[in-house]
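Student: 3D, please:
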Amino acid sequence: MDNKIWVFTTNGEWRQAEDPLVSHRHLDDWEAEVKAAGYSSWAKFPQQDATPLALEIYRSDKAGSELLFIVNVSTSSYYETVYAESVPALMELLGRWTPVVQGAALGALAGQLNDKGVITSVARNLNAK
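Tutor: Down below sits the predicted model:
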């Protein structure tokens, strides 16, 4: 198993580092690993049930942590994990990735509305006026 993770740095570059969760892999549960490594849930958007792609963010509880945030990009069946070393790095990463997550959410919503005939109905009503 590869023990390297990707870290987005404050200066906007990617680097690799040792995975701080590796010593907790024996727990075999993501939430338990994250908690044991000293991270707590910080934000999640949108709700995973509402979109095919979501972001989950965990923040280190340890003062002066070199890897302040864990960011999971997740689908209903899989996730990829990267780290951000600071608040500025996290904000830049979110600025890059949030539009993709929003696009996935809007695409899923449009598909649901189309499947229920809502878009056709609205279009018909707009054309009738």
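
Student: In the chain, which helix is the longest?
Tutor: Secondary structure of the chain read by DSSP state H shows that its longest helix is helix 87-115.

Student: From the chain's centroid, how far away is that helix?
Tutor: For helix 87-115, the separation from the chain centroid amounts to 10 Å (computed by C-alpha atoms, centre = their mean, to the nearest Å).

Student: and what of stretch 62-73?
Tutor: Taking mean C-alpha positions (C-alpha atoms, centre = their mean), stretch 62-73 and its chain are 13 Å apart.

Student: thinking again about what came up before, what is the longest helix of the chain packed up against?
Tutor: Applying 3 or more C-beta pairs under 8 Å, 6 or more residues apart in numbering; DSSP states H and E, one finds that helix 87-115 contacts strand 4-8, strand 54-60, strand 69-74, strand 79-84, helix 118-128. Just so you know, the C-beta spots here come from the backbone N, C-alpha and C atoms, and that holds for glycine as well.
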